[in-house]
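Novice: How does the following fold in three dimensions:
(2 chains)
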Amino acid sequence: MRKLLLYLIIITTGLVFVSRLFYLQIYNTSFASLSEDNAVKVIYDYPQRGAIYDRNGRLLVTNQPSYDVMVIPRELKSFDTLEFCSILKISKDKLIKRLNKARVYSPRVPSIIIPQLTKDEYAYLQEKMRKFEGFYIQKRSLRDYQTVHAANVLGYIGEVNDALIKKDPYYLSGDLIGIDGVEKQYEKELRGIKGVKRIQKDRFNRDIGPYKDGKFDTLPVNGKDLTITIDAKLQAYGQRLMKNKRGGIVALEPSTGEILAMVTAPTYKPELLVGRKRSPNFTKLVYDTIANPLFDRGIIGEYPPGSPFKTINALIALQEGVIDTKESVSCRMGYYYGRRGQKLGCHFHKSPLSMIPGIAHSCNAYFATAYRRIIEKYDTPQEGIDVWRNHVQSFGLGKYLGNDLATGKRGKVPNSDYYNKVYQYPTYKWYATATLSNAIGQGEVLSTPIQLANMTAAIANRGYYYTPHIIKAIDGKPIENENYTKPKITTIDPSHFEPVIEGMHQVYTNGTASFLQVKGIDICGKTGTAENFTKINGVKTQLTDHSVFIAFAPKDNPKIALAVFVENGYWGARYAGRIASLMIEKHLTDSISRTDLEDWILTHSLEEEYAKPYSGQPFKINQ
Amino acid sequence: MAKSSVAAIDWITVLLFLLLVGFGWGNIYSASYEGEAFSLFDFSHAYVKQAYWILLSIILIIIIQAIEAKFYERFAGLIYVLSILSLLGLFVFGKTISGATSWYAFGPVGLQPSEFAKACTALALAKYLSDMQTNINLLGHQVRAFLIIALPAILIIPQPDPGSALVYAAFFFPLYREGLAAIYLIVGVSAATLFILTLLFKPLWVVLAIAAIMVFILIRNRKQKPKYSRYLLTIIVVTGFCFSVNYIFNNVFEQRHRDRFNIVLGKEVDSKGIGYNTNQSQIAIGSGSWTGKGWKEGTQTKGGFVPEQHTDYIFSTVGEEWGFLGATMVIILFILLLVRLINLAERQKSQFSRVYGYSVVGILFIHFAINIGMVTGLLPTIGIPLPFFSYGGSGLWGFTILLFIFIKLDANRVNEW
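Specialist: Numbers count the residues shown, from 1 in each chain, chains lettered A, B, ... in the order given. Below is the predicted model of the structure:
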């Protein structure tokens, strides 16, 4: 026993130590990260964010230096607070509060005292900086907008939020990220890749050289420059025309699907969301719930398309063979149907009309007849509706376009399930006439301006479209994404397009938009006057009609297709048609011969119209 | 040196020694190098100095082996007296380094007599116990043996170096092996247990718990006419001990001592201030995982986060850079060495050699247990080096002398009667 005691103690001690080591080194995994926190400082090297150019190579967005005033509380010496405060236009209380906050955060680690000085403030402060020990100025990079337009297209950048940091480990607190528009959609290309430097620290937090001789360090990769499809001149002109109106313009190049202009009104200047004033400005924009300047009407405003939708119904009717171009339909100020003599009203025009003048004069009776025949061609209205819907969707309506815009809406093209539900089928039956408002683009059908523009492009191309997109080239290299370079074919035979296009041409030559002709340009268009409603104190109230217009030009080999929506602009040719004509002329000739139209648009405001529902007074519409 | 005695050297022990010293130096190099090119002539670096200490210790080993084995037994008393004198001399000529007056300075070289006193005391104790006249079961002889052990310890405490003084508890092992009554072991272990319990709980609760246990035993044994006086005496002693521990801990100990105990017992958590060493050491070891970060790649080691890493905390470098496998290997090397030494001690024919052998095992073991216990956070911070591993010339020489005198004695056992 006496001999064994020491053996026993020694072996036991050895076992205890090995288990302790096992616990520390294998079982408990928290020490590895603790030692990293301890000894490795990670420094990020932020690359320059890519610039954005328009289709003609005009610089739209670049970077500007910005200057943050930083403080290391421990190194602070007493200083002339009065002078400091007056240079930086900050109250003494605020300064003391921020200094205390910085000290609580960490006395050794720098904190921001005043973010994003302007160049002038920086220049002035730079001179005096030596008086304020413990403060220093840190340069950062901010967006610099070379344009006051296209805020909705470009989007903006801001600090990344916590949810995203958790989702994507690339981002760290305080990093900037694209929040809307191209900045959001092409964030990965624009931002580049930040470089990482790992520095070995000693126990005094001093740098003692690269960690593992820089084995894990990476160099920053600069952001890529983007060329977008927008024509800055056309965009600016569109915004000018939309002044004091609400709505959107989307102009496409039919042969490529490139978005030439994407206007929403009202909007804001992109520079508002940069720098020190970003936060109050953003708040102001967000809280403007009436004008809603952050709402991009061109791509997420869902409106009833109105009469432009008739072109699609004409095409479907031809494709389904339920009507030909020669047959005339009579119109007695409307279309009468059902046992109780319901009527779909129409305006005054010659009667009877065949397809081409039917489009030119936008005859409701003609398209009610055609639509009803499409649906009734099939045994059940359900089947008919679904066949019809399939045709409509092949034009990109009622579904997401799959484009490269940061936001979008699906719009709405109802199917049989929808009507079954609404009319409680099979308890109650429903027939083609119950859906008759689809014939004239009212009722259940909804679309966004970009969808309408795309539909117009598909007509202009005689049967196919390219998915609308905003990206033209990345770092000078044209995009090769098949989604944008391969055409999407509609369900309509190319031969059926000519009569419809001729009808749209006659809209200009002798139809509803004949006063909008531009000399030397063959424009094809279609007016629309869309009824719309709102709720005032819970009561459904009709407002002045939306003015809608689609157009493309020239008739042969079209260069531009566009859709214009002007909220509460009354009839189609009144606002939207004028704007469409001007946009087309501007794009094709780079000049304006119809200065009368331009003057009218620039001098007419709809603000009064928009104020009506909020006035609290009874008001008249469609004046 | 006779040829036969070279052959009789226990080469297994020598091999273990070389492995420990070699691996130790590798870790000292990692812990003290600062990215400079290796040069054997730059004495500002600990690893260069240690390299010379190691080379010189080889010469020392040869000298030790060359001397007649009988010399150590015959001159044990004289060596012990010289050692005591060297400790006393510190009070006059001692040089103070980081608060402890433990050094003689010879130019740039410092020698720490307390590191050598262990071997000297072991010789003296072996000499005394192996004396034909000595009977370890006589109280008077026990007191004398105790004095031999306690004298250097008492001289070392006021340096102050309580850690080194604590090492003298190691001599319990040879005493016990030579027949010291088991009651000392029982009392010692009980006292240590009571000490810890008293710190963890209030002394009153400990006393009440002990009393309850004794009442329970008393009731079970009541038929065998128990001696009540013994029970009473025990409870009085326990009460006195617990309350005096409480008193000493709160009034005699300094705050830093209290903190060390409280941190290990988990009564205080402070990873930045007083618990910094232990915490950083555990981070270093813990971050090593299975195979470690690789030699010279330890971030804790490079950043110098563990204070005294090349001396008392050298094992944290092993843990960080060599991982669980490397650290376990070091533990195994020490266990092998200690077990080997017990085996050697047991095969000695002379009592002197056996007592000395057990002393060597005891001293090495206490260093090993306290040092690694401290570095891994199992024991309070008690600053003593890890034998053969830690940086320090005196320490290395002290342990080398301690070990190789025994190897010499062992090699000479064939000549014993």
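
Novice: surely A:Q138 meets A:D68?
Specialist: Yes: with contact defined as C-beta atoms under 8 Å, A:Q138 reaches A:D68; the gap is 4.8 Å. Every C-beta, even on glycine, is put in place using the N, C-alpha and C of the backbone.

Novice: neighbour count winner among those two?
Specialist: Each of A:Q138 and A:D68 has its neighbours counted (other C-beta atoms under 10 Å in any protein chain shown); A:D68 has more, 18 against 12.

Novice: Return the set of buried residues in the helix or strand hosting the more buried one.
Specialist: Element membership of A:D68 [criterion: DSSP states H and E] is strand A:59-71. If you call a residue buried by 16 or more other C-beta atoms under 10 Å in any protein chain shown, then strand A:59-71 has these buried ones: A:60-62, A:66-71.

Novice: cool, stretch B:148-160 as well?
Specialist: Those would be B:148-149, B:151-153, B:155-156, B:159, for stretch B:148-160 by 16+ other C-beta under 10 Å.

Novice: Ok, stretch B:60-73 next?
Specialist: In terms of neighbour count (16+ other C-beta under 10 Å), stretch B:60-73 has its buried residues at B:60-61, B:64-65, B:69, B:72-73.

Novice: Make TSV from those and add distance to A:A150 and secondary structure to it.
Specialist: Output for the buried residues of stretch B:60-73, formatted as TSV (distance: C-beta to C-beta, whole Å; DSSP: H, G, I helix; E, B strand; the rest coil):
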residue	distance to A:A150	secondary structure
B:L60	85	helix
B:I61	86	helix
B:I64	90	helix
B:Q65	92	helix
B:A69	98	helix
B:Y72	96	helix
B:E73	100	helix
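
Novice: could you dump these to JSON lines with pLDDT and distance to chain A?
Specialist: Formatted as JSON lines, these follow (pLDDT from 0 to 100; distance: C-beta to the nearest C-beta, whole Å):
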{"residue": "B:L60", "pLDDT": "94", "distance to chain A": "27"}
{"residue": "B:I61", "pLDDT": "95", "distance to chain A": "24"}
{"residue": "B:I64", "pLDDT": "94", "distance to chain A": "24"}
{"residue": "B:Q65", "pLDDT": "92", "distance to chain A": "26"}
{"residue": "B:A69", "pLDDT": "89", "distance to chain A": "24"}
{"residue": "B:Y72", "pLDDT": "92", "distance to chain A": "22"}
{"residue": "B:E73", "pLDDT": "91", "distance to chain A": "23"}
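
Novice: what bits of the chain have low per-residue confidence?
Specialist: In the absence of a named chain, chain A is used. Along chain A, the parts satisfying pLDDT under 70 run over A:1, A:38-39, A:108-109, A:202-208, A:212-216.

Novice: To clarify, I was referring to chain B.
Specialist: For chain B, applying pLDDT under 70 flags the ranges B:1-5, B:263-275, B:415-417.

Novice: Now do the lengthiest helix in it: distance to the chain's middle.
Specialist: When chain B is parsed with DSSP state H, its longest helix is helix B:314-346. Between the centre of helix B:314-346 and the centre of its chain there are 15 Å (C-alpha atoms, centre = their mean, to the nearest Å).

Novice: Is the residue of the stretch 251-400 of chain A found nearest chain B in a helix, a strand, or coil?
Specialist: Proximity of the stretch 251-400 of chain A to chain B (C-beta to the nearest C-beta) peaks at A:S279, 36.8 Å away. Following DSSP: H, G, I helix; E, B strand; the rest coil, A:S279 is assigned to helix.

Novice: Return the closest of the buried residues of stretch B:148-160 with respect to A:L8.
Specialist: Nearest to A:L8, judged by C-beta to C-beta, of those is B:I149 at 22.8 Å.

Novice: Next up, the contacts around the closest one.
Specialist: Counting by C-beta atoms under 8 Å, 6 or more residues apart in numbering or on different chains, B:I149 touches B:121, B:125, B:168, B:171.

Novice: re the thing from before, from the buried residues of strand A:59-71, pick the one nearest A:T433.
Specialist: Taking the buried residues of strand A:59-71 together and measuring to A:T433 by C-beta to C-beta, the closest member is A:L60, at 50.9 Å.

Novice: Checking A:L252 next. Helix, strand or coil?
Specialist: Recorded secondary structure, A:L252: strand (three-state DSSP).

Novice: The residue lying closest to A:K488 once chain neighbours are set aside: how many residues sit nearby?
Specialist: Computed as C-beta to C-beta, 6 or more residues apart in numbering or on different chains, the closest residue to A:K488 that is not its neighbour in sequence is A:Y465, at 5.6 Å. By other C-beta under 10 Å, 26 other residues sit near A:Y465.

Novice: correct me, but A:Y465 touches A:L397?
Specialist: No: counting by C-beta under 8 Å, A:Y465 does not reach A:L397; the two are 11.1 Å apart.

Novice: can you pull the contacts of the residue nearest in space to the middle of chain B?
Specialist: Centroid-nearest residue in chain B: B:H367, 2.7 Å away (criterion: C-alpha atoms, centre = their mean). Neighbour list for B:H367: B:167, B:384-387 [criterion: C-beta under 8 Å, 6+ apart].

Novice: if we can go back for a sec, could you check how far the residue nearest to A:K488 is from A:Y484?
Specialist: Relative to A:Y484, A:Y465 is positioned 11 Å away (C-beta to C-beta, to the nearest Å).

Novice: Now for these two: what residues contact both?
Specialist: Common contact partners of A:Y465 and A:Y484 (C-beta under 8 Å, 6+ apart): A:G257.

Novice: re earlier: please identify which of the buried residues of stretch B:148-160 is nearest to chain A.
Specialist: Closest approach to chain A among the buried residues of stretch B:148-160 (C-beta to the nearest C-beta): B:I149, at 17.1 Å.

Novice: what helix or strand is the closest one on?
Specialist: Using DSSP H and E, the element containing B:I149 is helix B:139-156.

Novice: B:I235 versus B:S229, what's the distance?
Specialist: Counting by C-beta to C-beta, the gap from B:S229 to B:I235 is 11 Å.

Novice: and if you look at A:Q382?
Specialist: 98 Å.

Novice: Same check on A:K188?
Specialist: Distance, A:K188 to B:I235, using C-beta to C-beta: 78 Å.

Novice: who has more neighbours, the two?
Specialist: Shown here are A:K188 and B:I235; by other C-beta under 10 Å, B:I235 has more neighbours (15 against 12).

Novice: Not counting its neighbours along the chain, what's nearest that one?
Specialist: That would be B:A211: by C-beta to C-beta, 6+ apart, it lies 5.7 Å from B:I235.

Novice: Would you agree that neighbour is in contact with B:L232?
Specialist: No: using C-beta under 8 Å as the test, B:A211 is too far from B:L232 to be in contact (10.6 Å).
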